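Student: Sequence isn't available, so here's the structure alone:
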DNA sequence: GGGGTGACCCAGT
DNA sequence: TACTGGGCCACCC
């Protein structure tokens, strides 16, 4: 079988979803992968994480956190500051996922 | 072709 | 709550 889809399409789709996360809400890498799986047929939380590390600079990357509420390595302070400013609650070093997790309609 | 790596995730202990 | 092991998948030697 040949080309399933252009890798750039997947990257753009990820960034597109991140841009749609409402202010004050957060989405996990896994949730994004799951949402896109319906359209691309595959994907993984790991891939989304890699894509965010490389191309997340142009979107609200801080609204994307790990499934357990932890913010991205090396950016904990910035993420916490930006999220807090939007009204997101923290429980210690993690985001209160139960209160702010979001998923596209 | 083979093996290591990573802004992940989940179940088990 | 913290740590471990297995699974995941694209990338880079």
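Tutor: Everything's here; your move. In this text, all values refer to a predicted model and were calculated from it rather than measured experimentally.
Student: Identify the residues contacting the spatially most central residue of chain A.
Tutor: Central residue of chain A (Cα atoms, centre = their mean): residue A:64, 3.1 Å from the mean position. Listed by Cβ atoms under 8 Å, 6 or more residues apart in numbering, the contact set of residue A:64 reads A:18, A:21, A:26-29, A:32, A:48, A:52, A:56, A:72. From N, CA and C alone the C-beta is placed, and that goes for glycine too.
Student: Apply 10 Å and report the result again.
Tutor: A:14, A:17-18, A:21, A:26-29, A:31-32, A:48-49, A:52, A:56, A:71-72, A:79 (Cβ atoms under 10 Å, 6 or more residues apart in numbering).
Student: Kindly report the same for residue A:50.
Tutor: Going by Cβ under 10 Å, 6+ apart, residue A:50 touches A:11, A:14, A:29, A:44.
Student: How much space separates the last one from DNA strand B?
Tutor: Translated: residue A:44. 7 Å (Cβ to the nearest atom of the strand, to the nearest Å).
Student: What about the residue lying closest to that residue once chain neighbours are set aside, how many residues nearby?
Tutor: Leaving aside its sequence neighbours, residue A:44 sits nearest to residue A:33 (Cβ to Cβ, 6 or more residues apart in numbering; 5.4 Å). Residue A:33 is flanked by 20 other residues according to other Cβ atoms under 10 Å.
Student: Quick check, residue A:33 in contact with residue A:46.
Tutor: Yes - if you go by Cβ atoms under 10 Å, residue A:33 and residue A:46 touch, sitting 8.2 Å apart.
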